[in-house]
Every structure is written in structure tokens, then in C-alpha cells.
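S.K.: build me a model:
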Amino acid sequence: MIARLVGALLALALAAPALAQEAEPEVTILISIDGMRPDYLDRGLTPHLAEFRKRGVAAAMRPSFPSKTFPNHYTIVTGKRPDRNGIVGNSMIDPVRPGQMFSMGDPKQALDPFWWIEAEPVWITAEKAGLRTATMFWPGSEVAHNGVRPSDWMRFDQAISNAQRVNTVLDWMRRPAAIRPRLVTMYFDTVDTAGHRFGPGRSPELDAAIAEVDSRIGDVVRGVEAMGVRANFIITADHGMAETADTRVIQLEELIDRASYIPVETGPYAAIEPAAGTNERVYQALLKPHPHMACHRKEALPQHLHYGQNPRVAAIICIAENGWTILSGTPPYPVKGGAHGYDPTHPDMHALFMAFGPSIKPTPSLPLFDNVDVYPLIAALTGFAPLPSDGEAATLAPLVAR
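M.R.: Numbers count the residues shown, from 1 in each chain. Just a heads-up that it's a prediction; the model follows:
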């Protein structure tokens, strides 16, 4: 009798870890491959992503305008387009702060909560719901929202290698379930960097960057699975990439004298503020038809861009024909390689979307959809109530298995 009782207790003790593991909540890991076009998967360089695609779904995703890094990363994690999330460009001016400019290259401005508080990102909403989060880089993740931050976060440093980023996430996953993040973000910038320097066509440099990121994502997935952690993965990109050349350039200074306007941002699109007292002269010079470029007052932009109502949007927005570049004076870099920021409806601007994991149904294909629709999926997988957004939950809801 005693022997049978001891045996039963021993069996129960041995079974307890497995039962506890089954009860552990799933983790959502959101990964961004900056500048990853969907057609990069067709190059035969991504065996891990090819396998994960079979386990879930892969599709092309339409970015929001402007098809730039900061606006679209914030769109994915807020479900609000740039016109409503407040990050209307990689560079921008707010009338409330005359004389100051938000810029990716200016940490003092880029890390100031003032610029980010128009929308609440997923990690803040999840933390408020009592769910632990961690961000291994993501634009905006270093900024506190009314004192709230992710439980774990890393300040972006391009010198931190992709392998180091992976190891950090795996260390978080090794924690006991009680202190393991339920939502994790990761960010890889190397594909975008190579695309800018060498263009989106086949080159040893871009191909190497694509293959390396594929390997690192494979490391993350294999590592998490080896720990027995049940994780759903969402892999996104912020935009695509188009080929540029110094023979396809539009020079604003040939249309209007430089003293009459402020070039808030130039490149595939230009955000332009007339200088004091020059409005009509600037409007007359820029709003008329131009080869390879269309300029609009911000309130008259094409409706499909969903852009122009936020006070941070410059008075005039000029959008170049795909592959052309708008300049104001001598550029600080040669116009060659690749660029993004064009109309998001152009296929070159489309971004990669993938999802797989225990709560993702294998799905052969998805029609093209807007990146605002990723936000409700993140909320559904992580288990918090999403805030009102521009995203349609019904778009990706069929992917969820539970």
C-alpha cells in the first residue's frame, strides 16, 4: 500500500513540470526586417523563412505613407497610420515647437516623449494590462509613456550585432514563466542598410544580408522551441526598396530659390514648408505639373494616402515617380542604390509579412493588405484588448487557430 502511494506521488511529481509547461501562456515575438521586400524570399537565400512559411503564412503587405522607417514601425505597433500616430516622417516639425525638428539622427529629439504620445504602442497597452513585455529594439520603444516602459528594453545601437540581439531574446525566454515576457519585439536593420547602399537588385552584399538575417531568425525560432516555450512569431517589414540613380533627380532649387522654403524631408518624397511670407510664390512654383513628381497641398493629397490632417505634416508634399529622387541642393550622399518613401501602392514599396506558431493556422496565401491590420493580430495573440485603431481585425483574424 505504501509502495503504491509512493509510486503514485512520484509519478505525479514527474508529471507536474509537463503539466505546468502546458499551462504556461504563449509568447508573441514580433520581428522586423527593415526594408525586406516580399520577393526577396524568391532568391533561394532564406531556407529558414521558407520552412516557416510552410508552417504558417507569408504575404505582401502594403505600408502606410510615407513609406519610411519610423512612421511604419510605429504604425505596426499602434494600428494607426502616421497621420494619426503622430510620427508623420523620419523628419518633421511640430507647430507647437517652432525651431525644433524631429530626426532619426538626433537622439535628443527622437527620444523625447513629446513626439510619440499621440498613439500608444502595444508594449505599453500590454504592460497596463499586466502582461510583461520586452523590446530588443523597435523605433519608439525607448520612450516612456507617462512613466510606463516595457519591463525590459534596449536602447538602439547599430553596433550590437544581430547575433547579440538574438542571444538577448533567448536569455529572456529562459526565464521562468512568471517573469518571462509575453510580448517581445526584435529589429534587424542590415537588409535595409544593404538595400540603400547597393539597391534591391541582386548583389553579393544584399544577398549576404538577407541570408544572415534568415539564419539569425532561424536561431531565434530553434532556440525558443528547444526550451519548450510556445511562441507565435510575426515577421514584418516596414517598407520595400526601389532602385535609384543620379540620372533620375528632381532639383527643387531649379524650381524655387532655396531661401523661400524649408526642406523638412527630401528623397522619394519631399515635405516642404514655405518660409515666412513666401507661401504663394512657393505654391505657384511647386503645385503646377512637373515631370516625374506630383506636389499637393497637404489637405489635397490623394485619399488613398490617408495623410495630410496632422499638424506635423508639412504644407506641401511632393511625391516622386518611383525610382526618382527629389533633392534640395547638393545631397550629403550619392544618389544611387535603393530608396523608399514612394507611394505605398507601388509593388516596390510592399513589405514582407509572415506569421507562424501554435496559434497560427497554416494558410496558403493572403491577398495584399494594409500594415495597420497587424496591430489587432498582435493583440489577439498576446491576449490584451486593443485600443481603437485604423486596423481591421477581420483581415487577419482567420489566421488565428484558437
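
S.K.: and the residue nearest the centre of the chain, what does it touch?
M.R.: Nearest to the mean C-alpha position of the chain, counting by Cα atoms, centre = their mean, stands H73 at 2.9 Å. Contact analysis of H73 by Cβ atoms under 8 Å, 6 or more residues apart in numbering lists 32, 138-140, 187, 238. Backbone N, C-alpha and C define where each C-beta goes, glycine included.

S.K.: tabulate those (TSV), appending neighbour count and distance to K108.
M.R.: Formatted as TSV, the contacts of H73 follow (neighbours: other Cβ atoms under 10 Å; distance: Cβ to Cβ, whole Å):
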residue	neighbour count	distance to K108
S32	27	24
W138	25	19
P139	26	16
G140	24	15
Y187	22	21
D238	29	23
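
S.K.: next one, pLDDT for the residue nearest to the centre of the chain please.
M.R.: Listed pLDDT for H73 reads 98.

S.K.: okay, now the unreliable bits of the stretch 201-350 of the chain?
M.R.: Counting by pLDDT under 70, the stretch 201-350 of the chain shows no low-confidence range.

S.K.: swap in 80 and give it another go.
M.R.: Applying pLDDT under 80 to the stretch 201-350 of the chain flags residues 332.

S.K.: quick one, helices of it?
M.R.: Secondary structure of the stretch 201-350 of the chain (DSSP state H, counting those that start in this stretch): helices at 204-226, 279-286.

S.K.: may I have the shortest one as PDB, with CA atoms only?
M.R.: In PDB, the C-alpha atoms belonging to helix 279-286 read as follows (Å, rounded to 0.1, in the frame of the first residue of the first chain):
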ATOM      1  CA  ASN A 279       3.600  80.900 -49.400                       C
ATOM      2  CA  GLU A 280       2.100  82.000 -52.700                       C
ATOM      3  CA  ARG A 281       5.400  82.100 -54.500                       C
ATOM      4  CA  VAL A 282       6.300  78.600 -53.300                       C
ATOM      5  CA  TYR A 283       2.800  77.200 -54.100                       C
ATOM      6  CA  GLN A 284       2.900  78.600 -57.600                       C
ATOM      7  CA  ALA A 285       6.300  77.100 -58.300                       C
ATOM      8  CA  LEU A 286       5.600  73.700 -56.900                       C
END
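
S.K.: part of a helix, is the residue nearest to the centre of the chain?
M.R.: Yes. The assignment for H73 by DSSP: H, G, I helix; E, B strand; the rest coil puts it in a helix.

S.K.: in space, what's closest to R97 - neighbours in sequence excluded?
M.R.: In space, and not counting its chain neighbours, R97 is closest to F114: 7.3 Å by Cβ to Cβ, 6 or more residues apart in numbering.

S.K.: measure that neighbour to T125 for me?
M.R.: When distance is defined by Cβ to Cβ, to the nearest Å, F114 is 20 Å away from T125.

S.K.: the closest residue to R230 other than its chain neighbours and N232, how far apart?
M.R.: Nearest residue to R230 in three dimensions, chain neighbours excluded: E26, at 4.6 Å (Cβ to Cβ, 6+ apart). Separation of E26 from N232 (Cβ to Cβ): 6 Å.

S.K.: neighbour count winner among those two?
M.R.: A side-by-side neighbour count of E26 and N232, using other Cβ atoms under 10 Å, places N232 first with 24 against 16.

S.K.: once you drop chain neighbours, what's closest to the more buried one?
M.R.: Nearest to N232 is G357, by Cβ to Cβ, 6+ apart, at 3.2 Å.

S.K.: what does the pLDDT read for the one you found?
M.R.: On the pLDDT scale, G357 is placed at 98.

S.K.: which residues touch it?
M.R.: 26, 55-56, 230-233, 381.

S.K.: how about S359?
M.R.: 26, 232, 381, 400-402.

S.K.: out of those residues, which comes closest to A178?
M.R.: Ranked by distance to A178 (Cβ to Cβ), those are led by E26 at 14.9 Å.

S.K.: just checking, that closest one touches P358?
M.R.: Yes. With contact defined as Cβ atoms under 8 Å, E26 reaches P358; the gap is 6.3 Å.

S.K.: mutual contacts of the two, please.
M.R.: Joint contacts of E26 and P358 (Cβ under 8 Å, 6+ apart) are 230-232.
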